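Chemist: show me the folded form of this:
(one chain, ligands or ions: 2)
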Amino acid sequence: MQSQSERAFLYSRLCEMEQDIAASTDTDQLLGRITACAREITNSESASILLLDEEQGDLFFKETLGELGESIKKVRVPLDTASIAGSAFSSRRPAISNKASEDPRHFKGVDQVTAIPTRSVLAVPIIWGERIFGVLEAINKIDGGFSEADQEVLTVLANHAAVVLYNVGLIEQLQNFFVHTIEILIAALESVEPGSQGHVIRVSRMTSRLARELGILGKDYEVLYYAAYFHDIGKLMLGTSVVARNDKRHPQFGSDMLERIKVLEKTAPLVRHHHERWDGSGFPDHLVGASTPLATRILALAEDYDESWMDRPTEQDLPDFLVDFLGRSHGRHDPDLLKLLGRVVSQDAGFELEDQT
Ligand SMILES: [Fe+2]
Ligand SMILES: [Fe+2]
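Modeler: Residues are numbered from 1 along each chain as shown. Ligands and ions are numbered 1, 2, ... in the order given. Purely as a prediction, here's the structure:
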């Protein structure tokens, strides 16, 4: 039986650890912290998170801390009553065994790999609503056997693990949705504009290439990358064919579409201005020079470069095309960016570009 002061200490330590856990956003780090916390608070030799392998129908060690070592990660733990963790999983209830060697559920595969005899095990299921992800387990309590208080603490931590794992699933689903929706939108866009196949991908690649050369990183890079992907998305509002290609309303339409999507709202101004030109001859706002942000100037140049290539009636070799493009673009694009474009295109294709100054 625990004294009140022991209980108070345990819960204050648990609260401290919860704050520590909450300070991380990385999934593996979070699960690692939960495992460390489980080991410390239950005063055990080791603690592990085992997750369900749906294909194989058993549990594998996702995280483990303490005496067991890395070799444990090769071990697969059976479900049902063939292991203590498995029985906690299958019954969806905590399982305690303070005399593991005499417990028929004890799975000896772990002891064989680690060469550490298992004396005691406490396993609690990691559950979120209807879903069960796996088991949080503490092994070999240092001072005596596992108690109900240990079980309570481990259940709180297993609930944290469940939230983390549930969120990972949601994020994966959202990423999957996002990536495939982009593919569908781009395919739709290219189908309404004959001859534009590959334009979006090429513009994205060139935009990324220029951005990296200029040291644009992190969130700014991400915004620019997605703006390149969606730069012509407004054309979907214009229906089909040739008219759409030259319709000057598409940057505004695209920007209006994107600013309603929270994760893409920062791309909206870039999309709005992807046809602006350094000399003010662009549209829709006739921005001049550096009044257009650098990211937008990069996108505008990458887009114009690819658009010019697409418009060529016959294929010419790249050096001639590049020299011609740079000459025609003089004044229409940021001169420093034009030089950079000339350098990266010639470098990547392996030819010398005459000095354009
Ligand atoms: Fe475009
Ligand atoms: Fe455009």
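
Chemist: residues contacting Val113?
Modeler: When contacts are counted by Cβ atoms under 8 Å, 6 or more residues apart in numbering, Val113 is found next to Ser71, Ile72, Lys74, Val75. Bear in mind the C-beta positions are built from the backbone N, C-alpha and C, glycine included.

Chemist: let me redo that: Asp279
Modeler: When contacts are counted by Cβ under 8 Å, 6+ apart, Asp279 touches Val288, Gly331, Arg332.

Chemist: repeat that for Leu341.
Modeler: Counting by Cβ under 8 Å, 6+ apart, Leu341 has contacts Met206, Leu210, Leu301, Ala302, Tyr305, Leu326.

Chemist: one step back: ok, the contacts of Val113 vs Phe60, which is closest?
Modeler: The shortest approach to Phe60 among the contacts of Val113 belongs to Val75, at 7.9 Å (Cβ to Cβ).

Chemist: got the residues of the stretch 101-250 of the chain near ligand 1?
Modeler: Asp232 (Cβ under 5 Å from the ion).

Chemist: can you give me the strands for the stretch 101-250 of the chain?
Modeler: 121-128, 131-141 (DSSP state E, counting those that start in this stretch).

Chemist: same list, the ones you listed, but as JSON lines with mean neighbour count and mean pLDDT please.
Modeler: Below are the strands of the stretch 101-250 of the chain laid out as JSON lines (neighbours: other Cβ atoms under 10 Å; pLDDT from 0 to 100):
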{"stretch": "strand 121-128", "mean neighbour count": "25", "mean pLDDT": "96"}
{"stretch": "strand 131-141", "mean neighbour count": "24", "mean pLDDT": "95"}
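
Chemist: same list, the ones you listed, but as JSON lines with distance to Glu55 please.
Modeler: Converted to JSON lines, these look like this (distance: least, Cβ to Cβ, whole Å):
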{"stretch": "strand 121-128", "distance to Glu55": "19"}
{"stretch": "strand 131-141", "distance to Glu55": "14"}
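
Chemist: quick one: the residue in the stretch 51-200 of the chain that ligand 1 sits nearest to from Leu224, how far?
Modeler: The nearest approach of the stretch 51-200 of the chain to ligand 1 comes at His199, 5.7 Å away (Cβ to the ion). Using Cβ to Cβ, to the nearest Å, we find His199 at a distance of 17 Å from Leu224.

Chemist: just Asp334 next, same as before
Modeler: Distance from Asp334 to Leu224, by Cβ to Cβ: 15 Å.

Chemist: which one of the contacts of Leu341 is nearest ligand 1?
Modeler: For the contacts of Leu341, the nearest to ligand 1 is Ala302 (9.3 Å; Cβ to the ion).

Chemist: and for that closest one, the neighbour number?
Modeler: Using other Cβ atoms under 10 Å, Ala302 has 26 neighbouring residues.

Chemist: backbone phi and psi for it, please?
Modeler: phi -60, psi -40 (degrees, to the nearest 10).

Chemist: what's the burial count for the residue nearest to it when sequence neighbours are not counted?
Modeler: Using Cβ to Cβ, 6 or more residues apart in numbering and skipping the chain neighbours, the partner closest in space to Ala302 is Met206 (3.9 Å). Using other Cβ under 10 Å, Met206 has 22 other residues around it.

Chemist: between Asp334 and Leu224, which is the more surrounded one?
Modeler: Leu224 (26 against 20).

Chemist: pretty sure the more buried one contacts Leu270?
Modeler: Yes. Using Cβ atoms under 8 Å as the test, Leu224 is close enough to Leu270 to be in contact (6.8 Å).

Chemist: any shared contact partners between the two?
Modeler: With Cβ under 8 Å, 6+ apart, Leu224 and Leu270 have common neighbours Ala295, Leu299.

Chemist: just the helices in the chain please.
Modeler: Secondary structure of the chain by DSSP state H: the helices cover 4-22, 27-42, 84-91, 109-114, 148-192, 199-213, 218-230, 241-246, 250-258, 268-272, 294-311, 318-329, 335-349.

Chemist: now that we have the contacts of Asp279, which one has the most neighbours?
Modeler: Going by other Cβ under 10 Å, Arg332 tops the contacts of Asp279 with 17 neighbours.

Chemist: let me know the pLDDT of it.
Modeler: In this model, Arg332 is scored at 96, pLDDT.

Chemist: now the weakest link among the helices of the chain, please, by mean pLDDT.
Modeler: helix 241-246 (a mean of 59).

Chemist: which residues does Leu337 contact?
Modeler: Contacts of Leu337 by Cβ under 8 Å, 6+ apart are Leu210, Arg297, Ile298, Leu301.

Chemist: can you tell me how far it is from His106?
Modeler: From Leu337 to His106 the distance is 68 Å (Cβ to Cβ).

Chemist: around ligand 1, pick out the residues from the stretch 251-357 of the chain.
Modeler: Counting by Cβ under 5 Å from the ion, the residues of the stretch 251-357 of the chain close to ligand 1 are Glu303.

Chemist: make it 8 Å
Modeler: His274, Glu303, Asp306, Glu307 (Cβ under 8 Å from the ion).

Chemist: of the contacts of Leu337, which is the most crowded?
Modeler: Going by other Cβ under 10 Å, Ile298 tops the contacts of Leu337 with 29 neighbours.
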